[in-house]
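>>> Based on what follows, work out the 3D shape:
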Amino acid sequence: MLELRPNCERCDKDLPPNATNAMICSFECTFCTSCAANVLNNYWPNCGGNLTVRPIRPASLLQQYPASLKRVVKKDS
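Model (predicted):
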């Protein structure tokens, strides 16, 4: 199950499970579209891969498959 982290790992902006402005890498690192485009150039050097739009989890499935509550912040990214 894809871990839906609740925030941008760079600026700590809230990114709820239905956020359309969330980007993700293949290691599930999560960023807002602003940080992804303007700071990271849609490339995440930790894994060497690109960032892509994070899928949303429909509200009807959140109770059975909840999003993560663990906030990750990497200010030096």
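>>> Which strands or helices does the longest helix anywhere in the chain pack on?
For the chain, the helix with the greatest residue count under DSSP state H is helix 33-38. In terms of contacts (3 or more Cβ pairs under 8 Å, 6 or more residues apart in numbering; DSSP states H and E), helix 33-38 is packed against strand 22-24. In short, each C-beta sits where N, CA and C put it, glycine included.
>>> any residues touching the strand it packs on, and which ones?
For strand 22-24, contacts defined as Cβ atoms under 8 Å, 6 or more residues apart in numbering pick out 2, 8, 15, 30-33, 36, 42, 51-54.
>>> Go again with 6 Å.
Strand 22-24 is contacted from outside by Leu15, Thr30, Phe31, Thr33, Ala36, Leu51, Arg54, using Cβ atoms under 6 Å, 6 or more residues apart in numbering.
>>> Tell me if the third one really is in a strand.
I take that to be Phe31. Yes. Checked against DSSP: H, G, I helix; E, B strand; the rest coil, Phe31 lies within a strand.
>>> what about it, how many residues close to it?
When counting by other Cβ atoms under 10 Å, one arrives at 29 neighbours for Phe31.
>>> How about Tyr65?
Neighbours of Tyr65 (other Cβ under 10 Å): 12.
>>> residue contacts, the residue lying closest to Lys70 once chain neighbours are set aside?
What sits nearest to Lys70 in space, not counting adjacent residues and going by Cβ to Cβ, 6 or more residues apart in numbering, is Arg5, at 7.0 Å. By Cβ under 6 Å, 6+ apart, the residues touching Arg5 are Thr30, Ser68, Val72.
>>> Next one, pLDDT for Thr33 please.
pLDDT, the model's per-residue confidence, is 97 for Thr33.
>>> Surely it touches Asn21?
Yes. Taking contacts as Cβ atoms under 6 Å, Thr33 lies within contact range of Asn21: 4.5 Å.
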